[in-house]
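In: quick one, structure for this:
(chains A and B)
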Amino acid sequence: MRNLIATLVLILFVTSNVDLAFASQIKKQIKGSDTPQEMTQAELNELNDPIFRFFLKNNSDQVSLEKIEQALQPDAAKRSLFVVDERIIDPTRPQSRRAVISFEGFRQGVSLKGNAMLSVIFTDTAFRDDAFIEGWGWDEDSGRYNYYRMDNGSWKFRGSSNDKSLFGQEGTCFQCHLNGAPIMKELLIPWNHWHSRSSKISYFDQLQPSNKRWPIASNSRFDNLKGAAALDSMVRSSIANFNSVRIKSSLKNGSINDAKTLLKHLFVTTEFNMISALQKSNLHPLKAQPAPQPSQPVAIPNSFFLNSAIIGGGGFSGFQGLGIDEANSFQSTPLRVQPAEYKTLVQEASLKIANQAGDADFSWLVPEPSDIDNHMIEKLMSEFVVPAHFVAAVMTIDLKNPVLSEKRASLLEFIPAAFTVSSAGASGNRFNLDWFKSHDLTKKTIAKLEAEDLSGNQSAQDFLAILKMTKGKTPLEELQSKVQAYASDINSKLIGANRANELKTLFEKAISIRKKVLDDDLLGSLDETEGKLLFPHK
Amino acid sequence: MFNYTDPVGTGILATQNALDIFRDLLESVYVFATRDNNAFEKLELIPPASPTEFIEWPAFPITANQDDLTIDSRRFEFQDEYVEWRVERDATGDVSIITFTTEFPEYYQALAEVGEDALFEGIRDAIPEANPTTAEVFGAGFDPSTASSQERSEAFRSQNVVPFPPPFIDTVPNPWNNNEKGILCLAQPFNTLGALFNLARVCSIPNNAIPATGQCAAVGNLCGENRNSDPQICTRAQEVAQIPRVLSLQDPVGVVILRLRGTWRIGNNVIDINDPNANNGIWRISRNGRRATLRIADQLTVNNEPIVTGAQISHLLDVGAEVISAPPGDLLPSIAAAAASTRQVPMSTRSMQ
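Out: Numbers count the residues shown, from 1 in each chain, chains lettered A, B, ... in the order given. Here you go, the predicted model:
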């Protein structure tokens, strides 16, 4: 009997140490320049996303893409391949591209869709998982993203979205994942730089003859090549979930206790997305099939002019927003840039991309307010945490600069650290004015503004005046009249005799916004092309 | 003639002796689409084992530029992506059921040609609880028993489809198709079988002088260049034509409801909305992908949001048209044509520009 017990104890000891031995092969390396460190058992126990659970826990010695794909989802039909590259429209060989691999289905009751993704490089002939594999996984229980990278023959844990102190830090995953969440810069149609239904990449097309197709297109992964729209949907779902979890965890006992973190998204451009007209410019210098100018008039995106997703609502994002229709009125036919006009704008601005004269693949490619910021704003309103009138007041400040507004960003200091939330007063209406007036956020913000000497700070003075409705208008009315005046101004300038000059002014503004984003210490990190390929530039 | 199959797959066309009529109808549009020295071919000439693909797009009407509630309530004006829907609400005003359709009216016109009983069978096959009246489906004062088959077909169309060309009458009298009592088939004036084939026809004329993405703009009002649907169909048809390959709209022809995107939950539990064995009957695609219903279960959310409009769901709904293509050298020998079809299908455009 004693021998049996001893044997059992030995078996248990060996088994647990075998597990530990495999799991311990994954090391922790927060910065790329750090020496990889052993992870403690406590740290390993915190990892519960699909990538760790179904692969790294027991297979961290496996470094091939095929192994991790099989481990996460053995059914190849439930894996999707997406391709992105700033040179994607250039078919010449040899070249490489970036791929994202997503998974669907359930493993042990855990949904894989939008909860685990991999990123890898491939060339025109082969997948290069020997270079690196990056991955993130969502842990629903602890509400965090975990980031991993395989390089130099081993897997590393690269941090989680709970490590807020890492956000923006150079050399970490969070240099790009600025909020800790998944990123897809070119969210929303037409997904410039991605293989998509707006821009199908012919050299991946398995119907093309072999001399017009990259050999890699015969790789079985390309049987599940999907357009960026499907990835867009998954990433936005992931962002939506992330933001929901953050709001839920912030809301304790009827109070938001880290207001500046959540409301930062309302005042500051924490990330940016890229939007363009739906029309191709036909002016990209790397284009295989050149044409002299756009094939059709170019509709400048509404979000170039203002934060249309929130101020107008509707549209591609589908947010309810503030419902000011004029915010979505900048794409009417008379305002569209005619093909010859657009070509002139590009030429006169001496735009370059890839060191050659030309424009992005899609016309009028510009940064826009990010989905993660806008979704948070929308969610704060729909959950009756922040009144719509408060959002309207903020949006009124520096209306014409939807991205990287220093004026709006400067107002964050007046937001209280915490405020109580009571949705009952709203009676189910985010625009309820009495609720806005009596809301703790409104009252505390006004109090902080009034406690300061605002002389010389016009933005703060304006913000205070709008919140207090000193002009007799609600914040929404104030915003609406500003939007109407703005839309009317743009309309009259673009329809009038001075159209050419106004177009030039707007085009210069687009160039300026691109430069501002690329020069920003934080946002500029999202450009992996050293300023040459992400946006056209002078 | 190709043996075109019943697009909704329930067998009603055959049991009601309407299948040959429907085939004749389809033959006329396929023949029409092969005109103009383009890459579009009749199905019987393309080897059946040739590769097929779905050209996909989201159901959301991107050109509407309206809030979701407005898009819901003004179906005939805004829902122009070959998908239309009906939203039912419960006593508290919450959404209870959303029904999507991509069925073309020609299916029911074929049944109408046979007679009123055949048509009623077809309507009840789609809407089991329907009890239509003659006046509702054919119009007040119409006697289907004395009318010709063509008159019945036209009367059905008048009652169920917004007429084209303008001036538009923004109403569909039949309550079983105007969302009052139900939704039966596409009624928006641009969502027509003729428009789809017209689009495929012109977009498959090889135009190597321009990028394929420019073809939609090049063909004018036959392609709604700012929509979700038309540019996809047009660009892909042109790409295939430029390879060069020949192509056709795969049988059974039509627009298929494919899948819902997004993260769906009941309470905190993520569900696979697209798996009929795992979604508790919440999302049901029927009639060969031409009809789908979303039942709003308690605590059902998508992307952490409650379901409040049909347009909200249309953002997440993928639909598509299937095409088949082959190298020109693989075309099968053509068989001597039967007598030309005399069916009339309105070959309309996709915009009024």
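
In: and the stretch 101-250 of chain A, which residues reach chain B?
Out: A:105-106, A:111, A:113-114, A:140, A:189, A:197-200, A:202, A:205-209, A:227, A:229-230, A:233-234, A:236-238, A:240-241, A:244 (CB under 8 Å from any CB of the partner chain). Backbone N, C-alpha and C define where each C-beta goes, glycine included.

In: for residue A:461, grab phi and psi.
Out: Here is the backbone geometry of residue A:461 (degrees, to the nearest 10): phi -60, psi -50.

In: could you do the one 5 residues further on as well?
Out: In terms of degrees, to the nearest 10, the main-chain angles of residue A:466 are phi -70, psi -40.

In: mind checking pLDDT for the nearest residue to it once chain neighbours are set aside?
Out: Leaving aside its chain neighbours, residue A:466 sits nearest to residue A:393 (4.4 Å; criterion: CB to CB, 6 or more residues apart in numbering or on different chains). What the model reports for residue A:393 is a pLDDT of 98.

In: check which helix or strand residue A:393 maps to.
Out: If you go by DSSP states H and E, residue A:393 is part of helix A:388-396.

In: that older thread, so which of the residues of the stretch 101-250 of chain A next to chain B sit within strands?
Out: A:106, A:111 (DSSP state E).

In: ok, of the residues of the stretch 101-250 of chain A next to chain B, which come out buried?
Out: Buried subset of those (neighbour count, 16 or more other CB atoms under 10 Å in any protein chain shown): A:105-106, A:111, A:113-114, A:140, A:189, A:197-200, A:202, A:205, A:207-208, A:227, A:229-230, A:233-234, A:236-238, A:240-241, A:244.

In: looking at those, which are in helices?
Out: Using DSSP state H, the subset of those located in helices is A:229, A:230, A:233, A:234, A:236, A:237, A:238, A:240, A:241, A:244.

In: for the last one, which non-adjacent residue is closest in space?
Out: To tie it back to what came earlier, the one meant is residue A:244. residue B:304 (4.1 Å).

In: ok so residue A:216 is a helix residue?
Out: Yes - assessed by DSSP: H, G, I helix; E, B strand; the rest coil, residue A:216 belongs to a helix.

In: who are the contact partners of it?
Out: A:122, A:123, A:124, A:125, A:126, A:127, A:222 (CB atoms under 8 Å, 6 or more residues apart in numbering or on different chains).

In: I'd assumed residue A:91 was in contact with the third one.
Out: Pointing back at residue A:124 there. No - distance between residue A:124 and residue A:91: 9.2 Å, which falls outside the contact criterion (CB atoms under 8 Å).

In: give me the common contacts of the two.
Out: With CB under 8 Å, 6+ apart, residue A:124 and residue A:91 have common neighbours residue A:214.

In: so which other helices or strands are in contact with the helix holding residue A:393?
Out: In terms of contacts (3 or more CB pairs under 8 Å, 6 or more residues apart in numbering or on different chains; DSSP states H and E), helix A:388-396 is packed against helix A:259-267, helix A:308-311, helix A:371-382, helix A:433-438, helix A:440-451, helix A:458-468, helix A:475-495.

In: check what pLDDT the nearest residue to residue B:67 once chain neighbours are set aside gets.
Out: The shortest distance from residue B:67 to any non-neighbouring residue, by CB to CB, 6+ apart, is to residue A:314 (4.9 Å). Note for residue A:314: predicted pLDDT of 85.

In: which residue is nearest the middle of chain B?
Out: Taking CA atoms, centre = their mean, the centroid of chain B lies closest to residue B:102, which sits 3.4 Å from it.

In: hmm, residue B:288 and it touching each other?
Out: No - between residue B:102 and residue B:288 no contact is recorded; they are 10.0 Å apart, counting by CB under 8 Å.

In: so what sits against both of the two?
Out: Contact with both residue B:102 and residue B:288 is made by residues residue B:256, according to CB under 8 Å, 6+ apart.

In: list the helices and strands the lowest-mean-pLDDT helix or strand in chain B packs on?
Out: Ranked by mean pLDDT, DSSP states H and E, the weakest helix or strand in chain B is helix B:215-218, scoring a mean of 90. Packing partners of helix B:215-218 (3+ CB pairs under 8 Å, 6+ apart): helix B:229-242.

In: nearest residue to residue B:297 other than its sequence neighbours?
Out: In space, residue B:297 is closest to residue B:282, 5.3 Å off (CB to CB, 6+ apart).

In: how far does stretch B:81-89 sit from its chain's centre?
Out: Put simply, stretch B:81-89 sits 12 Å off its chain's centre (CA atoms, centre = their mean, to the nearest Å).

In: got it, and stretch A:162-172?
Out: Its chain's C-alpha centre and that of stretch A:162-172 lie 16 Å apart, by CA atoms, centre = their mean.

In: burial check on residue 163, number of neighbours?
Out: Chain wasn't specified; assuming chain A. Neighbours of residue A:163 under the rule other CB atoms under 10 Å in any protein chain shown: 17.

In: my question was about chain B
Out: Residues lying near residue B:163 (other CB under 10 Å) number 14.

In: for residue A:481, same thing?
Out: Neighbour number of residue A:481 under other CB under 10 Å is 15.

In: using the three-state scheme, assign the closest residue in space to it that isn't next to it in sequence.
Out: Closest residue in space to residue A:481, ignoring its immediate chain neighbours: residue A:473 at 7.1 Å, by CB to CB, 6+ apart. Here residue A:473 is recorded as coil under three-state DSSP.

In: angles on the backbone of residue A:473, please.
Out: Residue A:473 adopts backbone torsions of phi -110, psi 150, taken as degrees, to the nearest 10.

In: what's the pLDDT at it?
Out: 97.

In: and it, how far from chain B?
Out: In this view, residue A:473 and chain B are 23 Å apart by CB to the nearest CB, to the nearest Å.

In: how about residue A:36?
Out: Noted for residue A:36: a distance of 33 Å to chain B, by CB to the nearest CB.

In: who does the residue nearest to that residue when sequence neighbours are not counted bridge with?
Out: Leaving aside its chain neighbours, residue A:36 sits nearest to residue A:27 (3.7 Å; criterion: CB to CB, 6+ apart). With DSSP bridges as the criterion, residue A:27 is bridged to residue A:38, residue A:156.

In: pretty sure residue A:27 sits against residue A:151.
Out: No - Residue A:27 lies out of contact with residue A:151 (CB under 8 Å); the separation is 11.6 Å.

In: count the neighbours of residue B:191 for me.
Out: Residue B:191 is flanked by 27 other residues according to other CB under 10 Å.

In: excluding chain neighbours, what is closest to it?
Out: Using CB to CB, 6+ apart and skipping the chain neighbours, the partner closest in space to residue B:191 is residue B:82 (5.1 Å).

In: OK, contacts around that neighbour?
Out: With CB under 8 Å, 6+ apart, residue B:82 has these contacts: B:102, B:186, B:191, B:196, B:229, B:255, B:319, B:321.

In: quick one, phi psi at it?
Out: phi 70, psi 20.

In: just the pLDDT for it.
Out: Reported pLDDT at residue B:82 in the predicted model: 97.

In: ditto for residue B:332
Out: With respect to pLDDT, residue B:332 scores 92.

In: run through the stretch 151-300 of chain B and note the low-pLDDT ranges.
Out: For the stretch 151-300 of chain B, the stretches with pLDDT under 70 are B:166-170.

In: mind running it again at 80?
Out: Within the stretch 151-300 of chain B, the stretches with pLDDT under 80 are B:164-171.

In: for it, what lies in contact range of chain A?
Out: Near chain A, when you scan the stretch 151-300 of chain B using CB under 8 Å from any CB, you find B:210-211, B:213-214, B:217-218, B:225-226, B:231-232, B:235-236, B:239-240, B:243, B:245, B:261-263, B:270, B:272.
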